[in-house]
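>>> Pasting a predicted model and its sequence here:
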Amino acid sequence: MTQPPAQTILIVDDQEENLRLVGTVLSMMNYDIILASSAEQAFKRLTSRLPDLILLDVLMPETDGLSTCRQIKAEPKWSDIPVIFLSAADDKNLIVQALEAGGVDYVTKPFNMAELVSRVRTQLSLKQARDQLRTLAEDKDEILGILAHDLKNTLAGMKLSAGLLQGRSGDLPPRCMALVDNIANSTERMLSFVKEFLANQHAERLQLKKQRLNLGDFVTLLTANHQAAAQAKRITLVSQIPGTSVQVEGDREAMTQVLENLVSNALKFTPQGGNVEVIVEPPVAGMAKCIVRDNGPGFTEQDRGKMFRRYGRLSARPTGDEPSTGLGLSIVKRLLDAMGGTIVLAEGGGPGAEFIVSLPIATTPEPAEVPAVAQAAADAPTERSQS
């Protein structure tokens, strides 16, 4: 059987005797050894070959070990390499500084070779376990993503076929139409679940780009886009926006996803003839608020403890037989946390739900150009009163 490749250790020390001693001992343990006598040499070695572990002397001329470690950790492709510091100084303050610089362990000179080998083995085992877990997580995400995309395409085809059959209801017996309707409804639920699963995967990987955003523009555009869904259930959807611009700091895509989830959920759980309000409040104490309020069934005390968990099933049910996956609020919470915002469910004794989103106000300079979402909002009908 093929033997796994030997793990590689980079030893950085300005004393040739230490390099020879430690290198010889670890070579006898079947590790591949790379030697460097300075920080400059260490960076050259790292550029040409990535080690599994670095043994780094603290006290070196020119660039010391602490600075070297900080530079290593600042480089994304090197940041996961564990660093064990080596030093003749048994100073507690220096040990703390070494660990704060990014080291995972600290071994004092003169070396107890058995201790050094044991600590090397421990850190290499931990790194190997982390690498395996990372690989498994990446494989899982990739497989689930492929499956979800394939399911989405298949379900979309089933939905289309069921819709075509529903359009020919006059040619089919009533019993067959009941089965076709069941297929269409089940397909719609499964398709909704797959879409929200993919949205959840996307939210976990989203690289946020914070910028100045006009919160009122987002709300105006969003309420305009949801008017058709609201009118289909005879729901009154209105927005209230202050006269002055409310500028917040956040990611455009994440902000859209947050408000989209909250407004669509409010429409989903509000009965026919109900009301949904989206309110933007002026900033207070460095935070701006956006409130999404409905007069649906609201939430129980048990719901409050699990509403932001993934796949959390709550007591309320959609009022128009819409599908619900239990992913929407968990996505909202994750995105707001990443943007430095919060979401809470307001306390209330009556029916309905009121979600309060708080976001930090923008501190970056206002751009000269009008953002695309603001332009789209300006072109859309303004929802400031009941419609």
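Looks like it arrived, so ask away. Residues are numbered from 1 along each chain as shown.

>>> now the longest helix seen in the chain, how far from the centre of its chain.
Identified as the longest helix of the chain according to DSSP state H is helix 113-166. Distance, stretch centre to chain centre, for helix 113-166: 15 Å (CA atoms, centre = their mean, to the nearest Å).

>>> who does it touch, helix- and strand-wise?
Here helix 113-166 touches helix 16-28, strand 53-57, strand 83-87, strand 105-108, helix 174-205, going by 3 or more CB pairs under 8 Å, 6 or more residues apart in numbering; DSSP states H and E. Where you see a C-beta, it was placed from the backbone N, CA and C, and this is true even at glycine.

>>> most packed of the ones you listed?
Comparing those by mean neighbour count (mean count of other CB atoms under 10 Å), strand 53-57 comes out on top with a mean of 27.

>>> List the strands paired with it, with their directions.
Strand 53-57 has the following strand partners under DSSP bridges: strand 8-12 (parallel), strand 83-87 (parallel).

>>> quick check: angle from the last one to helix 16-28?
In other words, strand 83-87. Calculated by axes from the mean of the first three to the mean of the last three CA atoms, to 10 degrees, strand 83-87 forms an angle of 140 degrees with helix 16-28.

>>> average model confidence for strand 83-87?
Summarised as a single mean, pLDDT over strand 83-87 is 92.

>>> tell me what the next helix or strand after that strand is packed against?
Using DSSP states H and E, the helix or strand that follows strand 83-87 in sequence is helix 92-100. Other helices and strands packing on helix 92-100, by 3+ CB pairs under 8 Å, 6+ apart, are helix 65-74, strand 83-87, strand 105-108.

>>> Just the CA trace of stretch 222-241, in PDB.
Only the C-alpha atoms of stretch 222-241 are listed here, as PDB (Å, rounded to 0.1, in the frame of the first residue of the first chain):
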ATOM      1  CA  LEU A 222     -39.400  45.900  -1.900                       C
ATOM      2  CA  THR A 223     -43.000  46.900  -1.100                       C
ATOM      3  CA  ALA A 224     -43.500  47.800  -4.700                       C
ATOM      4  CA  ASN A 225     -42.200  44.400  -5.800                       C
ATOM      5  CA  HIS A 226     -44.600  42.600  -3.400                       C
ATOM      6  CA  GLN A 227     -47.800  44.500  -4.200                       C
ATOM      7  CA  ALA A 228     -48.900  41.700  -6.600                       C
ATOM      8  CA  ALA A 229     -48.500  39.000  -3.900                       C
ATOM      9  CA  ALA A 230     -50.300  41.200  -1.400                       C
ATOM     10  CA  GLN A 231     -53.200  42.000  -3.700                       C
ATOM     11  CA  ALA A 232     -53.600  38.300  -4.500                       C
ATOM     12  CA  LYS A 233     -54.500  37.800  -0.800                       C
ATOM     13  CA  ARG A 234     -56.300  41.200  -0.500                       C
ATOM     14  CA  ILE A 235     -53.600  42.300   2.000                       C
ATOM     15  CA  THR A 236     -52.900  46.000   2.400                       C
ATOM     16  CA  LEU A 237     -49.100  46.400   2.200                       C
ATOM     17  CA  VAL A 238     -47.800  49.900   3.100                       C
ATOM     18  CA  SER A 239     -44.500  51.500   3.900                       C
ATOM     19  CA  GLN A 240     -43.600  54.500   6.000                       C
ATOM     20  CA  ILE A 241     -40.400  56.300   5.400                       C
END
